[in-house]
Every structure is written in C-alpha cells, then in structure tokens.
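J.: any chance you could fold what I've pasted below:
(chains A and B)
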Amino acid sequence: MHRLSGYRPGLVDNATGLISREIFVNEDIYAQEQERVFARSWLFVGHESQIPNPGDFFLSRMGEESVILCRDRKGKIHVFLNSCRHRGMKVCRYDDGNTTVFTCPYHGWSFGTDGALAGVPFFREAYHSELDRSKYGLIEVAQLCNYKGTIWANWDASAPSFHEYLGEFHRFLDLILDGWDGREGQAELLGGVQKWIIPCNWKWPAENFSGDTYHNISHRSVDLVGAGPSGQSRRDYGELNVARKLHVTIPDRGHQTITYALPRDYQPQAAYQNSPEVAEYFRHCEEERRRRPGANSRLIGAPGEIFPNVALLPRQPRTLAVWHPVSAHQTEVWRFFFVDRDAPRAVKNFLRDYYIRYSGPAGMTEQDDMENWNYAHAASRGVIARRHPYTYEMGMGYAVENYEFEGLRMPGRVVDLTKAQASEEPMRNLYKRWAEFMEADNWDDLMTWRHVSAQAAQ
Amino acid sequence: MTDRLLLGLEIAQFFYAEAEFLDERRYDEWLALLADDIRYWMPMRRNVKFGDTEREFTRETDDIAWFDEGKDTLTRRVRQIQTGIHWAEEPRSRIAHMVSNVQLLSVTPDEREVLAKSRFLIYRNRAETETDILVGKREDTLRRDGDGWSIARRKIVLDQNVLMTKNLTFFF
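T.: Presented below is the predicted three-dimensional model:
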C-alpha cells in the first residue's frame, strides 16, 4: 500500500487537470499548508474603520491563530499575535473595544497598544530586575498594508509587498473598495462580522468563489422564489445580457475571478426595482462612474478569490469573506459587508436587508453552498474515494493572453464564457499556485514574475 | 392576578401551537400566525468588556444581523423549502422546538398587545448524524387577532458568538 502521509508533487496535475482528493481531506497536508501557505501569504485582517481611534482594537484571525488588529496611542496600526510571551494565554478575549493595555489574565503581564511589554508583576522581587523586557513584546506581523482602508498582514518578511502580491488583480478588489460612482476608497464596513463554522476544508469555498459558474443547480430554489434587489432571482442581471462574461486568472499570483466586461457604448439598465430611491442612487452612480477616467467603469464584479483564502463579491452583495482554516475538516467563515460611505441611509438599509437574505448561514443563496461543501468533503474522506481524483478538465486550453473587448484590455489569462458559460480555469489556477507554495522553500522561488523581468533585462 | 395567570397560560399555549406547526412542517399555517408587518430580527453577539452591554449586540436597523426581515422574505423562505430542491433542507431536517420560561413583560390595558419573553431550545437533526442544538431567548410582541394571536415582532437572541451551525434553514 502506498498510503501517502503528506504533500507530494503530482497531487495537483496541471497537465491532465486531475487533482487528488488528498489535498482536501489529508490531515498531514493540512498541517503542512499552515506553514507553507498561511504563514507566508498576505491575509486579510480587517478594515481601518473598525479601529478609528487610538486604543481601538478588533480581534481577528490569521490562519488558525488569533491576532489583534489595533491602533496605538500615536495612531499607528499594528497586528499582533494574541498570545502572551510568558505562558501563551490570550491577552485579549473581547471581539473589539478600546483599551490602553492588554493585560494577560494568567500572570498579569501587560502590553501597550504598540505591543511593548509594559508591566511584569514582581519584576524586582521575583525576576530580580533581570528580565530584558524589551525582548518580550507581543509578536508582531512582519509586514502590514493598508490598502484603501483594508488591512492585510503577512508573517513572512521575505514576501513581496501587498501591491506586488496582488499584481494587476487589484482592479477587481477595487470594485469593492472604491465608491459605486468610481471615487477611490469610498467603501464603508457595515457593523457586525458574520462568523460561522462550516464542516469542510477551506479550499471548498475558496475554489467555489474562484469562479464556479457551473453550479446553477445549487441555487435553483432561490432563483425560483426570488431574493434579488428587484424581487426576482438572486441578483439583477439586466446588463449582463450585453456583457462579455469572463474568467480572469493571474497565473503567477494565484488570484482569479469572474467578471463582466461591458460594451463601450453601454447604457445602464434598470436595477434595484424594489425601491425607487435605491434605483435612482445606482443610476446616478453608474452615470458618474462612466464619466470618470479609469478602466473599471466597464467592469461588473462577480465572485473572485485572492490567494489563498479571501473571497470577493464586489456587487450584489458587496462583501469580502475569509475562509479561516480550523482543521482539515472545518473552516470558520468571516463575512464582512460593504456599502458606499456617502450613500443615503435608505440605500444602506436596503442593501443591508438584501445582503442578509442573500449571504451568510441564513442567506437564501449561501445555505445551499454549505450543504454541498459539507457532504462533498465528507464523501471524499474514505480510502476508496481518495483513490479517485477530481476532474478539473473543463475548458482546458481555452484561456488566452492579451484579451481585449472593444478597447478594454484584461490582465492575465482569460477565458471568454459568453458562449461556454463555464470553465475550470480559475480552479486550476488556484491549485497550481497552491502547489507552488507547497513545493517552494522560499519566496524567491515563488516570485516568478521577477525571474521573467530579470531574464528580459539580461 | 388570575386574569394575568390565564393570559400567561394562553400565550404559552400559543407558543406551543406555533412550535407544532414548525416541527410538523405545516409552514403555511405558521405563516398565517405572522402579522403582515412582522419584524423578525436576530442580532449577532460580541464578546465585550464588562459594562459595555450596549455593544454586545449588533444594532437594530444599522448593523448586520443573522436575520432581519419581514413577512415577504419569511414567506419566500418557506416557498424555497417547498420547492423540493432547496438542497440545504432536502431531504428535510428533523426539528423540535422546545419553548419554556414564558413571562409576560408587559400587557396593554385592553389586553390586545402583549410583550412576552421565553427561552427556546431547537434541536435539528438531518441526513444521518448531523445534529445542532441552539439555545437562547425570544422577545415577542403578540397582537390579539380575532380569537387568537399574531406575532408582530420577534427578537431572537441566540446564546452563541461564532455560530456553530453551518446554516440557518429553519425558523426560531
């Protein structure tokens, strides 16, 4: 018997499009990916609006671990591992709040909002004033980036900057973070982060949000009864009839998305018909957006994934989700919801109601996804099931570079789905990058785009 | 005093009858108990510092919640189950609602509107061994409606922070 114990090359077979079930259900592989993927990738931590004032904090996660996002007394943003340097107790167990110090409830070590070890009980008596307190501040991430208000962090000092990590994919994240009228960075986070446990490996939601346009049957019931902003279907799809439906993948980064490219002379379609005020708001924003220079005015966002575990849904609903790994067989989902900061209150309320009935554990759409991931995972754990890889062969060889539609150029490799409807190019892109992380020993090997430019320079 | 006791018993009986409709999947009869202007709200809960009680719950009307809807959406949820292809409830779950600790918090002088608080324990078992137990409180505004009552407002307080159930495809 050749029962493998952990990752090995070939489990993700790019040549045949076959991917072993082991990468989802194998507990040794799960343990390895905590080091090789999560400890080296840029991970989403929160939004600056959650910590507007000095001393504000928001408890978040990076991979399996608890981290504190906080703003120190001087206004600087930090991300710390939520674990005391003395015996590891969590120094913060509030979901958010404001504080001057994080005091460990076990032995009483206390840390400033800048992470410095501020207080050690019996420092003079028990430690004889000999402990070097400067060595025992809270463990801080190696890199942090505030991207249009969203906070991202990385434990690996050798990783590229977040901007370089994101590459040209930024324009799809921008679809969430910029205002609907095209102004930069106008997104506001609605209060409350949905957090819930789902019984499957984190890669199930990651691959689904990478661009699974093939799972219509999953959502047939909500399409029939209608939960969308015009009372029908799931979303308002009017303009999509004239758009090009695309899969866009960034091969050397591992990011991928569905997107819709609108024709140059496109006129906005009626939407949000359940409320005249909301319909008028979006009509106005669409007009403004088209007046503003910039490539995004002709893009409509759709589900996408930033490697490894952050999902985008730029429009209807407008959310970011994080798939936090808990075990090989469990994932904790955190879903954040966005609106335009300057939108009228009626618009925010309308969108909030729609987001809640669409997304999350009570969402009429998302409920059915979780049932599928739950039992797809469960039915793949057995020894017989594991012998049979999943097929990701759909649409192999149909991606093109330099895709352009009426003057709108797309980055990366693109599959035009307008007729095909679906491909598995995004999933192949996700798992190819995942395998590269599992195999590469350092970030130099992962920054293949730099090798290309270095070769070009020679 | 006797009148108030009788009213309390009547309200408890109403909750038991409601639970019966839900657990026996008589969803249309359940929908008929909901006022046309019902607000069905289930906030999320944070771990906050002692005394910071205001921020323990996500705010009504402003923040995200687990549920926040009216009769139209609740009716659509029922219709979704009734399509027979709502995979999260197909095959359907086995559900039992236990309602207890019924207290009348306030009663209008004409006894036509009652604010009642109760505890719930919802047991859900589906597929083969999948089991969820959800426990919490409800605050209901009930309106006299002919011989019976209708639910004008329901606030659901679940005693969990991270939701430990993969989905909420049932009613509280």
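J.: quickly check: stretch B:34-54 near chain A or not.
T.: Yes: under the criterion of Cβ under 8 Å from any Cβ of the partner chain, chain A is reached by stretch B:34-54 at B:M42, B:P43, B:M44, B:R46, B:N47, B:V48, B:K49, B:D52. For the C-beta atoms, the positions are set from N, CA and C on the backbone; glycine is no exception.
J.: assign a three-state SS to the nearest residue to the last one once chain neighbours are set aside, would you?
T.: Yep, that's B:D52 we're talking about. Nearest residue to B:D52 in three dimensions, chain neighbours excluded: A:G97, at 6.7 Å (Cβ to Cβ, 6 or more residues apart in numbering or on different chains). With DSSP: H, G, I helix; E, B strand; the rest coil as the basis, the three-state label of A:G97 is strand.
J.: neighbours of A:G97, how many?
T.: A count of neighbours around A:G97, defined by other Cβ atoms under 10 Å in any protein chain shown, yields 18.
J.: separation between it and B:G51?
T.: Applying Cβ to Cβ, to the nearest Å, the value for A:G97 to B:G51 is 11 Å.
J.: again, but for A:G112
T.: To B:G51, A:G112 is 22 Å away according to Cβ to Cβ.
J.: who's the residue nearest to B:D52 bridged to?
T.: A:F57 (DSSP bridges).
J.: biggest strand in chain B by residues?
T.: What stands out as the longest strand in chain B, according to DSSP state E, is strand B:130-145.
J.: figure out how far the helix or strand just after that strand is from the centre of its chain.
T.: Next helix or strand after strand B:130-145 toward the C-terminus (DSSP states H and E): strand B:148-158. Between the centre of strand B:148-158 and the centre of its chain there are 6 Å (Cα atoms, centre = their mean, to the nearest Å).
J.: just checking, what packs against strand B:148-158?
T.: helix B:2-23, strand B:34-43, strand B:65-69, strand B:113-126, strand B:130-145 (3 or more Cβ pairs under 8 Å, 6 or more residues apart in numbering or on different chains; DSSP states H and E).
J.: so what touches whatever helix or strand comes next after the first one?
T.: When you say that, I think you mean helix B:2-23. Using DSSP H and E, the helix or strand that follows helix B:2-23 in sequence is helix B:27-31. Residues outside helix B:27-31 that contact it (Cβ atoms under 8 Å, 6 or more residues apart in numbering or on different chains) are B:E18, B:F21, B:L22, B:K71, B:L74, B:T75, B:V78, B:I81, B:Q82, B:F171.
J.: more crowded one of A:G112 and B:G51?
T.: Remark: of A:G112 and B:G51, A:G112 carries more neighbours, 19 against 6, as counted by other Cβ under 10 Å.
J.: quick one: residues contacting the closest residue to that one other than its chain neighbours.
T.: Nearest non-adjacent residue to A:G112, counting by Cβ to Cβ, 6+ apart: A:A118, 4.9 Å away. Neighbouring residues of A:A118 by Cβ under 8 Å, 6+ apart: A:V101, A:S110, A:F111, A:G112.
J.: chain B: which of those is nearest?
T.: Nearest to chain B among the contacts of A:A118 is A:V101, at 12.8 Å by Cβ to the nearest Cβ.
J.: beta partners for the closest one?
T.: Counting by DSSP bridges, A:V101 forms beta bridges with A:G112.
J.: how close does it sit to B:L6?
T.: According to Cβ to Cβ, A:V101 stands 56 Å off from B:L6.
J.: higher neighbour count, those two?
T.: Comparing A:V101 with B:L6 by other Cβ under 10 Å, the one with more neighbours is A:V101, at 14 against 10.
J.: is it correct that the more buried one is in contact with A:T113?
T.: Yes: contact criterion Cβ atoms under 8 Å: A:V101 and A:T113 qualify, at 7.4 Å.
J.: grab the nearest non-local neighbour of the residue of the stretch 1-150 of chain A found nearest chain B.
T.: Among the residues of the stretch 1-150 of chain A, A:D95 lies nearest to chain B; the distance is 4.2 Å by Cβ to the nearest Cβ. Nearest non-adjacent residue to A:D95, counting by Cβ to Cβ, 6+ apart: B:R46, 4.2 Å away.
J.: wait, what's in contact with that neighbour?
T.: Contacts of B:R46 (Cβ under 8 Å, 6+ apart): A:Y94, A:D95, A:D96, B:R55, B:E56, B:F57, B:T58, B:N161.
J.: please redo it, this time with the cut-off set to 10 Å
T.: Contacts here follow Cβ atoms under 10 Å, 6 or more residues apart in numbering or on different chains; on that basis B:R46 touches A:59, A:94-97, A:191-193, B:52, B:55-58, B:161.
J.: got a pLDDT number for the residue nearest to the spatial centre of chain A?
T.: A centroid search over chain A (Cα atoms, centre = their mean) returns A:V310, at 1.2 Å, as the residue closest to the centre. Note for A:V310: predicted pLDDT of 98.
J.: excluding chain neighbours, what is closest to it?
T.: Among residues not flanking A:V310 along the chain, A:F44 sits closest, at 4.6 Å (Cβ to Cβ, 6+ apart).
J.: distance between the helix or strand where the one you found lies and the chain's centre?
T.: Element membership for A:F44, per DSSP H and E: strand A:43-47. Distance, stretch centre to chain centre, for strand A:43-47: 9 Å (Cα atoms, centre = their mean).
J.: that one: partners in the sheet, and parallel or antiparallel?
T.: Paired strands of strand A:43-47, with direction, are strand A:150-154 (antiparallel) (DSSP bridges).
J.: tell me which residues in the partner strand are buried?
T.: A:T150, A:I151, A:W152, A:A153, A:N154 (16 or more other Cβ atoms under 10 Å in any protein chain shown).
J.: A:I300: which of the residues you listed is nearest?
T.: Distance to A:I300, by Cβ to Cβ, is smallest for A:T150 among those, at 20.7 Å.
J.: got a list of what that closest one touches?
T.: By Cβ under 10 Å, 6+ apart, A:T150 lies in contact with A:44-49, A:162, A:173, A:176-177, A:185, A:187, A:189, A:310, A:320, A:336, A:338.
J.: same thing but 6 Å
T.: A:H47 (Cβ atoms under 6 Å, 6 or more residues apart in numbering or on different chains).
J.: which strand residues bridge it?
T.: Residues in beta-bridge contact with A:T150 (DSSP bridges): A:H47, A:Y147.
J.: just the one 4 residues further on next, same as before
T.: Note on A:N154: beta-bridge partners A:Q143, judged by DSSP bridges.
J.: what pairs with the helix or strand harbouring A:V415, parallel or antiparallel?
T.: Under the criterion of DSSP H and E, A:V415 resides in strand A:413-416. Within its sheet, strand A:413-416 is paired with strand A:244-250 (antiparallel), strand A:400-401 (antiparallel), according to DSSP bridges.
J.: beyond the longest one, next helix or strand please.
T.: Same thing as strand A:244-250. The first helix or strand that comes after strand A:244-250 along the chain, using DSSP H and E, is strand A:255-261.
J.: in the stretch 351-458 of chain A, which spans are helices?
T.: A:366-378, A:383-386, A:417-420, A:425-439, A:443-446, A:448-457 (DSSP state H, counting those that start in this stretch).
J.: pull the residues that contact the strand holding A:F44.
T.: If you take Cβ under 6 Å, 6+ apart as the criterion, strand A:43-47 is touched by A:58, A:60, A:62, A:69, A:79, A:149-153, A:189, A:310, A:322.
J.: same deal with stretch A:343-363?
T.: Contacts of stretch A:343-363 (Cβ under 6 Å, 6+ apart): A:194, A:196, A:227, A:229, A:275, A:277-278, A:281, A:317, A:335, A:337, A:339, A:364-366, B:66-68, B:73, B:163, B:167-168.
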